[in-house]
Structures are given as C-alpha cells and as structure tokens.
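In: When you get a sec, could you give me coordinates for this:
(4 chains)
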Number of protein chains: 2
Amino acid sequence: MTFKRTNPLALAVLALLSERPMHPYEMAQTMRERHQEEVIKLNYGSLYTVVDSLHKHELITASAVQKAGNRPERTVYSVTEAGTAELHDWLRELIAVPAREYPRFEAGISLVGLLPPEDALTLVRQREAAVAEQLTALAVLLERLAGMGLPQLAWIELDYRMAMLRAERAWLSWFAAATADGTVGGHDSWEERHR
Amino acid sequence: MTFKRTNPLALAVLALLSERPMHPYEMAQTMRERHQEEVIKLNYGSLYTVVDSLHKHELITASAVQKAGNRPERTVYSVTEAGTAELHDWLRELIAVPAREYPRFEAGISLVGLLPPEDALTLVRQREAAVAEQLTALAVLLERLAGMGLPQLAWIELDYRMAMLRAERAWLSWFAAATADGTVGGHDSWEERHR
DNA sequence: TCCCGTATATCCGGCACCGAGTATAGGGGT
DNA sequence: ACCCCTATACTCGGTGCCGGATATACGGGA
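Out: From the prediction side, this is the model:
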C-alpha cells in the first residue's frame, strides 16, 4: 500500500528529518520554537502515530535507540531516500494543486438566512473585529521576525495569510454594509421571514 | 456529554430537518440538488454516523419508520426544540468566531525553500492558472443561479469564495513575479542552496 | 534531605470518519 | 418474458486521530 498524504504533520516530520536525525519529542520542540505549529497542527498523540506510519512505509528509519538512565527509550529517526523523494513530491502537489478545504465559515455563512438580519449583522461585525485583531497581531509578529534578521522567505506563509485575512475583512465589511442598508439581494424576503 | 460541533455535516442535517422531516438518503439527495455538497463535505458513511449522534443527543427524533415492500426500512427524522437551538447557536459561533483551519497551501508554501527557485516558480504559476479557472467556473455558476431568479442571499457563500480566490490569485501573481526577478527577501541564499 | 513542580518522552483506548460493499426495486429495451 | 442498468437505502470493517494518562529525571526552595 502506498503512503496516504492526509496528515500534514507527516510533511513537517519529513522536513525536520531532512535537516538532521531527531527523536519525536525533539521534533515537537523544534516545531514549537519555529512557530511551525501555527501552520501545521501539532498534537503529541498524532505525532507518534504519524512517525510510526512513515516508518512502516520506509520513508524514515530508526537510526538509533538511546537509553539514558531509567528514562523511556528515545528512538532517533532519519529520513530515507524514498522519504526525501516523498517530501519533495508532496510539496509540489501542495503548491501546484488547490485542494478543496471546506472552510467552516463558508458552511456558516451559507445558512445565514436562518438567522434574523439584525443578528447576522452583529455577528459579522464581531468577526470583522476579530479578523482585524488577528491582522495587527500578525503585523507585530512580522515586524519582530524581520527585526531578527530573518529573510522574507522564512515567513512567506505569514505574508500569504495576511493577504487572505485582508481580503476576508474587506468582504465582511461589504456584507455588513449591504445587510445594514438592505442592498443585499433578497433582503426583503429575509426580513419578512423573521417576524 | 454535550454534543461536539466537529462535523459540519451535522449542521446541514439540522438545517434540512428544520424545513421538513426527512430520512437520511433524502437529505443527501437534497444537498446534491442544492449544490450544498460543495460547501459541506458529504459522505454517505459519515451521514449515518452523524445522524445517529444527533439522535443520541436528542437533537433529532425518529418520527416514523416507513417500510415499502421488501426495501430496507427508512427512518424519517425530525428536529427537536433542542436541535433548533443547537443549530442557531452553532451558526452564530461559526459566523462570529474565526477558527484556525490549517489550510494545506500554507503548510506547502512555508516549506517552499526546500525546492529550487525555478521549480517553485513553475508550481506557483500552475496554481495561479488553476485558481483562475475556478474563478471563471464560479462566475458561470453565479450567472446561472442569478438567471434562475435566486436572490444573492441564496448563494452568498459563493460570493465570499470568489473574493477569497481573487485575493489568492493576486498573491500568487505577486509571489511569482518576485521569485522570477529575485526580489523576494532571501532570494540569493535560496538560489545558492540549490546548486 | 525531602518535596514538588516542570520538563522529558511515550503510550493507549475510544471514537469519528471514510469508502467500499450489499441488496432490493423500478423501468426501459429487445 | 427476460435482462440489465440505475436509483434507492443503508451497513460495516478498517484506520487515523485525539486527549489524557503514565512514568521518570531534574532543579530549586524550605
């Protein structure tokens, strides 16, 4: 059976091991330090499952089993050639081919007609504020990373995220305005339904 | 134990049942007809699991068990009062509170430095083209829906999606250009690493 | 010296989810 | 009268994922 590219955590593992051999716990630490867990969901339970799976598919190998005192054994893994190939090919796919993601907000907004227009307006305004906050937080973080001398390429994904958040904020602002002054198509029957 | 708002399919079920009682298979059909499966992932296996779960939590009730000939029994469900409350509250949360989604592309682009710049450029251009195609397809669909007399509110989530896709296309276009003419921060060491 | 909070490192049981399988009914063609 | 294809309606086994439990080491304060 061929390896299934479901959990992006496996991608992170391959990427880390392509730097140097590590044991799972060290991978987690490194991901934390680099703020990588903001981009790829990290979960200790899943980490060991994912490492096992990669091992089974021979994309990584157990290169050493250390034992310090009475502590649990630490298995150190290295990436294999097949693993490096998998990493690069997976990366290519992720970048070149847009994937259906089913964002939760799309599901929510598609049913917004079930709520009274006044309520919808309040909720959208709340989201707008939350998105604005995230944007300023991101701006601060970027400032700090750039100040540390890191090149743009090292935080390119944050640049992308900011662009997306700005677009979302703009859309929310438009929708709020259109709901407030009743110019959203179908506003009359929407109001009528809720009294 | 309180109901866990994980699978948005449960949201769709509550929304459908708030129109009229249905059996699971009919829910699936209705979702298909309305293009709802483009916004909420539909999977027959999950559908029955989700319905069971809603039933266990008494958010829906089995209002009838029909039996036509020798065909398998069809259980018709209705939404309870608690179910309607859950639907509305869940909707509010989905709209007002942005959720961390971990988009696959963010994971991919964050590691783009592992690929040679020329390859990255090609891949990003490919994605740009794919996104452009999705945009034209969406525009056609919107035209058709508007032509059928449906109000904007009925396809508001597509409007949102178009806005997001346009923003993504713009960002990809920028990144491709910056990679091509070497103005992306850290381009020199990026090139150097790959020879 | 004892204690306790934190860091280290992994394991495991339960459950949601998925995709493929199953079985009958209905309808149209020859 | 027979066949086959599609639509109907659900079922089930396998698996990946998650959160919390487990167990030891270490360092610092009383």
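
In: how far away is A:Ile60 from B:Leu115?
Out: Note on A:Ile60: its distance to B:Leu115, by Cβ to Cβ, to the nearest Å, is 20 Å. Every residue, glycine included, has its C-beta placed from N, CA and C.

In: oh sorry, the question was meant for A:His88
Out: 7 Å.

In: Pick out whichever of those two has more residues nearby.
Out: Higher neighbour count among A:His88 and B:Leu115: B:Leu115, with 20 against 17, using other Cβ atoms under 10 Å in any protein chain shown.

In: need the contact list for the more buried one.
Out: If a contact means Cβ atoms under 8 Å, 6 or more residues apart in numbering or on different chains, then B:Leu115 has A:88, A:91-92, B:123 as its contacts.

In: try A:Val50
Out: Contact analysis of A:Val50 by Cβ under 8 Å, 6+ apart lists A:7, A:9-10, A:13.

In: how about 6 Å then?
Out: A:7, A:9-10 (Cβ atoms under 6 Å, 6 or more residues apart in numbering or on different chains).

In: most surrounded residue in these?
Out: Within the contacts of A:Val50, neighbour counts (other Cβ under 10 Å) peak at A:Ala10, which reaches 27 neighbours.

In: isn't there a helix covering that residue?
Out: Yes. Assessed by DSSP: H, G, I helix; E, B strand; the rest coil, A:Ala10 belongs to a helix.

In: Please report how far it lies from A:Val65.
Out: According to Cβ to Cβ, A:Ala10 and A:Val65 sit 21 Å apart.

In: Repeat that for A:Arg166.
Out: 49 Å.

In: Same drill for these two, tell me which one is more crowded.
Out: For A:Arg166 versus A:Val65, the count of surrounding residues by other Cβ under 10 Å is larger for A:Arg166: 15 against 10.

In: where does the more buried one fall, helix, sheet strand or coil?
Out: A:Arg166 ends up helix, using three-state DSSP.

In: Setting aside sequence neighbours, what's the nearest residue to it?
Out: Among residues not flanking A:Arg166 along the chain, A:Leu135 sits closest, at 6.8 Å (Cβ to Cβ, 6 or more residues apart in numbering or on different chains).

In: again with A:Pro116
Out: Once flanking residues are discounted, A:Pro116 sits nearest to A:His194: 4.0 Å by Cβ to Cβ, 6+ apart.

In: Neighbours of that neighbour, how many?
Out: So A:His194, with other Cβ under 10 Å, has 13 neighbours.

In: Next: A:Val51.
Out: Here the count is done by other Cβ under 10 Å, and A:Val51 has 21 residues near it.

In: Just give me the neighbour total for the residue nearest to A:Arg166.
Out: For A:Leu135, using other Cβ under 10 Å, the count is 16.

In: One more: A:Arg92?
Out: With neighbours defined by other Cβ under 10 Å, the count for A:Arg92 comes to 17.

In: before we move on, which element is the closest residue to it other than its chain neighbours in?
Out: Using Cβ to Cβ, 6+ apart and skipping residues adjacent in sequence, the residue nearest A:Arg92 is B:Leu123, 5.8 Å away. Using DSSP states H and E, B:Leu123 maps to helix B:117-147.

In: Which other helices and strands does that helix contact?
Out: Using 3 or more Cβ pairs under 6 Å, 6 or more residues apart in numbering or on different chains; DSSP states H and E, the elements in contact with helix B:117-147 are helix A:81-96, helix B:156-180.

In: Domains of chain A: list them as residue ranges, please.
Out: A:8-96, A:104-193 (automatic domain parsing).

In: Buried residues of stretch A:188-195, list them for me.
Out: A:Trp190 (16 or more other Cβ atoms under 10 Å in any protein chain shown).

In: Tell me the gap between that stretch and the middle of its chain.
Out: 38 Å (Cα atoms, centre = their mean, to the nearest Å).

In: Touching it from outside, list them.
Out: Residues outside stretch A:188-195 that contact it (Cβ under 6 Å, 6+ apart) are A:116-117, B:153.

In: same deal with stretch A:37-45?
Out: Outside of stretch A:37-45, the residues within contact range by Cβ under 6 Å, 6+ apart are A:8-9, A:12, A:31, A:157, B:102, B:106-107, B:110.

In: that older thread, out of the domains of chain A, name the one with the poorest average pLDDT.
Out: If those are sorted by mean pLDDT, domain A:8-96 sits at the bottom with a mean of 91.
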